[in-house]
Structure formats: C-alpha cells, structure tokens
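Chemist: sequence below, structure please.
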Amino acid sequence: MKGHEVAGETRKLEAAEINVGKLLTSGDFEFVIPEYQRPYAWGAEESLQLLSDLLGALERDTDEPYFLGSIVLVKSPNVARSEVIDGQQRITTLTLLLSLLRDLVANDDLRRSIHDLIEKPAVEWDNQPARPRLKLRPRDNQFFYDYVQTVGNTAKLIELSDNIPETDSQRGLRDNAKALHDELVQLSAEQLKDLFRLIAGRAFLVTVSTPDLNSAYRIFSVMNARGLPLSPQDIFKSQVIGAIDEREKQHYADRWEHLEESLGRDEFGDLFLYIRAIKARTRGMKSLLQEFPEQVLNTYLPDDGSGFIREVLEPYARADIRLLAQDFQGEDPHWEQVNHWLKRLDQLDNDDWRPPALWALTEHGEDPEFLVDFFTKLERLAASMLVCRVYATPRQLRYMELLKQLADGLGLEAPAFELTESERAETRDRLNGEIYLATRVRRYVLLRLDSILADDPGASYDHRIITVEHVLPQSPAQDSQWVRDFTEEEAATWTHRLGNLLLLNRRANSRAQNFDFNVKKDKYFISGRGVAVFALTTQVLAERVWTPDVVERRQEELVGLLVKEWQL
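Modeler: The predicted structure is shown next:
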C-alpha cells in the first residue's frame, strides 16, 4: 500500500506499509518516545510472543509479508522527527531483539548490517556523528543506549544486578533481554541470519502519521493495535509538559512521573477523575478526555503548565498517597483515628466518597481534629446511602452537592452531610430488616457494629478472609435442636436479621456446618484458638441457648447501637 493522504483544515494524515528495514534506515523517520508517553512496560511474556510469532513466520518459509501491526506517529511532513504515540512497546522490543541478534552473530558483515537498523552510521566527511534510530524517554534513554544500542553490550545488560537499573522500564529491558537471549542462543547461525532477514525484509509495520497530537490520539484509539495504548492522563501530560519552558520540561516531567510511580498507574488515572469532581463539583457526563481540559486544565494552559503540576496535581496526589497508605503519625492521638476512619471508608463498595476525602486531606491535611470530625460525618453519610442502597447517580449527586458546599466555605456545617428524617427512618428500617440478603451491605454493617462493640469507632481487622455467618442455620436439619426451638414462622422472621449474624474467618466458618448451638460454640471457639477475634462473635459465647427471645433481644440491642452511633 502506497502512502495515503487525507487533507483537513489543519492537519494531514499519511499512512503506509513499510518493512522494518526501510522504516529504520530510510532517513525519513527518527523515532522518539516523547517524555509524556507511558514507560516501556512489555514483560517477558509479550516479548517472547513477538519472537515466537516471528519464528513461526520463519518456519512457514514463504515470501509472504508478515505484519507486525501499526505505529502511530506525530510527524510533520518533510521532517524526520517522529514522536511515537502508539507502538512504543513494539518498536522498543524490536530494537532490543535486533541488538541481541547483532551481538550473537559471528559474521562481521552481518553484525554491521544489523547494527545499521539500530544506529545511523556516522558520516565523517560531513561531520555527522552516529545517531540511534530510536530514542527512549529521557529517564531511560542513556541506559538504553549504553546497554542495548551499543555494540557488544547486551551481554552486560543480561548480567546487571538489581542495583543498576533505576526504573521499572530499565528492569523490564534487562529481564526481557534475558528471556529473549535464552531463546536466541538455541538457534543456529543460519537461523539467526534468516531471522534478521525476515525482520528487516518481510516484517511490515503500518505507519500512520499526522502533525497533530489530538488527531493521532483519535486514530490509535479506534485501531486494533497490539500495543499498550495511551490513557487520558498521558494526553494531559503531553499538553501540560508541552506548555512548560524548554529549560524546565524535564524537571516537571520527572515530578509527574514520580507521582505516577508512587500511586501506581491505575490509581494515578483515577486521581484525574477525583480532581475533576473536586474542581467541577458536577457529576461527569462525558469522557474524562473531554471534560478534564474544559473543567480543570484549560485554566492553566497554554500559559502555565507548571502551575497545574504545582497547584493541583501534586497536592491532590500527595493527599491520595496518604489516603491509600493510612499511616498518619504524630503525637496528637487524633492521627490514629484518622487512619482508622480511612480504613473504614475503604471498606465501602464504591469510591464516590473519595473526592470529598481528598478535598479534606488537601485543605486540612495538618489538622487531625478537623479530619476526624470530617470523616466521622462522611462515614455516616456514606453508610446511610449504602444501607439504603442509594443508586450511583443520586449518590454521586449528593457528594457533588457536598463539594459545592465545601468550596463555599461551609466546612463541617455543610448541610449535605446531614440526613433528613426520611433518610434516617429508612436507614433504621433497613438495619432492622433482613440485612443478610443485602450482599453488598451486610459485611460493612457487621464490621462497623463490631468496631462499636470493641469500643473503637475506627477498628479494622487484617484478616485476609472475613465471612458473615448465621447462628441459626439457613437450612437446619429436621431432627435438630433448631427446629424444636424455632417455629417455621420464627425462623423465617429471624434467620437473616442482624441479631442472628456474626463474623468469622474462613477457617472457622468451614467447620461450622449446621451443628446445634452448643456444638457450634465448641467448633468456633473451644476447639480453635480459644479466643474469638471479633467482639460481635465473642458475645455469642455468653448465651446459654439460642432462641427467638435471644435473637430478638440482640436485634434490638445491635440496631440500637448503630442508631446511636450514626445518630439515626
């Protein structure tokens, strides 16, 4: 397929199928991974799959072209610089593979031919130094040149200890080099030569280039490529870093990447959703890629990209790191309570509470007493909406109203914190009902109740598995004490209600079965570690029998504790 052009008002798209040899050596392309791109992230599995596909094509021994997929570039006409928007993983791994091939072959002419795809030779008479065909992001580029693109140095790369690579990308290059090398050394000299010829001559990439970044993003978003695509935060990074003075670009790019590494890529992406909610104080209606620039980013661009990083991204990212770590420390005892409340909120089945929480940690991060009061109110609101099974849209709208009131300076007095009488009544009714049947609710409510009984509002447990168990079984045996103590109507009334439920770890739960009450107590506690780990469950030991009167009394007591705690 020859080059194809589509004219537009401000951009021109060019597409072509080009074999790897010509793509790397024609001089029309100088590949650069821009600093706003995500790091190199392919692992051994993806790298070995690429090699396996190439070897499979080699075994078929045909002259048919082999397509490696597409690569999307930001590239102006008649300019060699080509910023790789999609295809970074593939072209980087191809360069790594070619470098390993180069260092394994014994024939000098073949080695030079392979290296020509890796580095453009120097032109001494024109005073042009040798230049790599591919430049990685600044943080990884020197490492890539020293250990991959430099002749003979892949052997050093494979032997590097964990102390040398400074980034996950560099460690990935080392690990992928080891995996590929282990496969390549099993090939004969002739097979290595044939593999190079296949890559250079018969392997094709579809190159799509446009001078406009947003156009490039739209192109690769709808293409079925093999690479790891950009996400909205990558696009935002390109816009922010692009608006910073050249002398400071790398400094702020490093600051951005440090925050992303600290939070992890997925959480870092979610952070932009939280920031949008905090700043816009409206429920998202369109894609983040559309709304974030309109509602947040355009305030700072095109004049002050660094201002966005300093004034918005860093403060909220630091707050998010603290929210996730839940490790506040200090002489003030309120700090430990802050940790407990964050752990409790983290047990909810949604993260809609997080924008208000991040607002509080950002605006009042050094005031533990304020934070305790804030999270106490936030948890009450969140718990009520959970128990009442408020759907996502009205729940999010409630939090947006709270954010508006917080932005207006109402703080702890924000009316959105408060529950109406009808909300309190519904919460009471739900707690008094068959709470076990509300699968997304029951565990949270029981853990919350357990923390009250333990006299620690923020108590949390580190058990890997926590289960909700019935005392009166759901299906008791017909000859059991349960059937003698509970009529069918009484069993139907109490089986799934709070007074008949307790918490267990999985090991105890697996032994519970449908034993009668006294046997159950023995199986839970006496034959185990001797101590119940949940305050809620320990109470059961004090009961001699388990009858409808006992369950009714406990129901009233437990619901009463929650009504008092949540001011219902």
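Chemist: helices or strands up against the strand or helix carrying residue 73?
Modeler: Using DSSP states H and E, residue 73 sits in strand 66-74. Secondary-structure packing of strand 66-74 (3 or more Cβ pairs under 8 Å, 6 or more residues apart in numbering; DSSP states H and E): helix 44-60, strand 81-86, helix 88-104, strand 203-210, helix 213-221. Where you see a C-beta, it was placed from the backbone N, CA and C, and this is true even at glycine.
Chemist: these into a markdown table, with extra columns for distance to residue 155 and mean neighbour count?
Modeler: Converted to a markdown table, those look like this (distance: least, Cβ to Cβ, whole Å; neighbours: other Cβ atoms under 10 Å):
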| stretch | distance to residue 155 | mean neighbour count |
| --- | --- | --- |
| helix 44-60 | 18 | 15 |
| strand 81-86 | 27 | 22 |
| helix 88-104 | 6 | 24 |
| strand 203-210 | 25 | 22 |
| helix 213-221 | 35 | 18 |
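Chemist: just to revisit the earlier point, how about the strand holding residue 73: buried residues?
Modeler: Of all the residues in strand 66-74, those buried under the rule 16 or more other Cβ atoms under 10 Å are 66, 68, 69, 70, 71, 72, 73, 74.
Chemist: any figure for the gap between residue 172 and residue 164?
Modeler: Distance from residue 172 to residue 164, counting by Cβ to Cβ, to the nearest Å: 13 Å.
Chemist: what residues sit buried inside the helix ranked longest in the chain?
Modeler: Assignment by DSSP state H gives helix 368-387 as the longest helix of the chain. Across helix 368-387, burial judged by 16+ other Cβ under 10 Å covers 368, 370-387.
Chemist: show me where the stretch 301-450 of the chain has helices.
Modeler: Using DSSP state H, counting those that start in this stretch, the helices found in the stretch 301-450 of the chain span residues 305-308, 314-325, 334-345, 354-363, 368-387, 392-407, 421-431, 442-453.
Chemist: nearest to residue 46 among those helices would be which one?
Modeler: The minimum distance between residue 46 and the helices of the stretch 301-450 of the chain falls on helix 314-325, with 28.2 Å, by Cβ to Cβ.
Chemist: what is the burial count for residue 77?
Modeler: Residue 77 is flanked by 9 other residues according to other Cβ atoms under 10 Å.
Chemist: residue 130 now?
Modeler: Burial of residue 130 is recorded as 11 neighbouring residues (other Cβ under 10 Å).
Chemist: which pLDDT value belongs to the residue most central in space within the chain?
Modeler: With distances taken as Cα atoms, centre = their mean, residue 266 lies nearest the centre of the chain, 2.0 Å away. Residue 266 carries a pLDDT value of 85.
Chemist: next: residue 171.
Modeler: 92.
Chemist: okay, residue 172 and residue 164: which has more neighbours?
Modeler: Comparing residue 172 with residue 164 by other Cβ under 10 Å, the one with more neighbours is residue 172, at 24 against 14.
Chemist: so what's the spatially closest residue to that one that is not a sequence neighbour up against?
Modeler: Closest residue in space to residue 172, ignoring its immediate chain neighbours: residue 40 at 5.9 Å, by Cβ to Cβ, 6 or more residues apart in numbering. Contacts for residue 40 (Cβ atoms under 8 Å, 6 or more residues apart in numbering) come out as 33, 88, 89, 92, 136, 140, 169, 172, 173.
Chemist: can you redo the residues you listed as CSV with distance to residue 107?
Modeler: Shown next, in CSV, are the contacts of residue 40 (distance: Cβ to Cβ, whole Å):
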residue, distance to residue 107
33, 31
88, 31
89, 30
92, 26
136, 29
140, 31
169, 32
172, 30
173, 26
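Chemist: compute the number of surrounding residues for residue 272.
Modeler: Neighbours of residue 272 under the rule other Cβ under 10 Å: 21.
Chemist: these two touch, right, it and residue 292?
Modeler: Yes. Counting by Cβ atoms under 8 Å, residue 292 is a contact partner of residue 272 at 5.9 Å.
Chemist: so what sits against both of those two?
Modeler: Common contacts of residue 272 and residue 292, defined by Cβ under 8 Å, 6+ apart, comprise 232, 236.
Chemist: check contacts around residue 499.
Modeler: 550, 551, 552, 553, 554, 555, 556, 557, 558.
Chemist: just to be sure, it is in a helix?
Modeler: Yes. Residue 499 sits within a helix when classified using DSSP: H, G, I helix; E, B strand; the rest coil.
Chemist: so for it, what's the nearest residue that isn't a sequence neighbour?
Modeler: In space, and not counting its chain neighbours, residue 499 is closest to residue 555: 3.2 Å by Cβ to Cβ, 6+ apart.
Chemist: next up, identify which helix or strand that neighbour is on.
Modeler: For residue 555, the host element (DSSP H and E) is helix 548-565.
Chemist: for the record, mean pLDDT for that helix?
Modeler: Helix 548-565 shows a mean pLDDT of 94.
Chemist: which helices and strands does it pack with?
Modeler: Going by 3+ Cβ pairs under 8 Å, 6+ apart, helix 548-565 lies up against helix 421-431, helix 442-453, helix 488-494.
Chemist: nearest to residue 309, of those?
Modeler: Between residue 309 and the helices and strands packed on helix 548-565, the tightest spacing by Cβ to Cβ is seen for helix 442-453, at 36.5 Å.
Chemist: got the contact list for that closest one?
Modeler: Helix 442-453 is contacted from outside by 344, 347-349, 383, 386-387, 431, 435-436, 457-461, 466, 468, 498, 501-503, 534-536, 539, 558, 561-562, 565, using Cβ under 8 Å, 6+ apart.
Chemist: again with stretch 282-289
Modeler: 232, 235, 272, 273, 276, 277, 291, 295, 393, 396, 397, 400.
Chemist: what does stretch 193-206 give?
Modeler: 1, 15-21, 23, 54-55, 57-58, 63-71, 87, 90-91, 94, 97-98, 101, 105, 107, 110, 113-114, 117, 187.
Chemist: export the helices of the stretch 301-450 of the chain to CSV and append columns for mean pLDDT and distance to residue 283.
Modeler: Putting the helices of the stretch 301-450 of the chain into CSV (pLDDT from 0 to 100; distance: least, Cβ to Cβ, whole Å) gives the following:
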stretch, mean pLDDT, distance to residue 283
helix 305-308, 92, 23
helix 314-325, 95, 19
helix 334-345, 93, 20
helix 354-363, 96, 11
helix 368-387, 96, 15
helix 392-407, 93, 5
helix 421-431, 95, 20
helix 442-453, 91, 24
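Chemist: reformat those as CSV; add distance to residue 487.
Modeler: Formatted as CSV, the helices of the stretch 301-450 of the chain follow (distance: least, Cβ to Cβ, whole Å):
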stretch, distance to residue 487
helix 305-308, 67
helix 314-325, 50
helix 334-345, 38
helix 354-363, 47
helix 368-387, 29
helix 392-407, 40
helix 421-431, 24
helix 442-453, 25
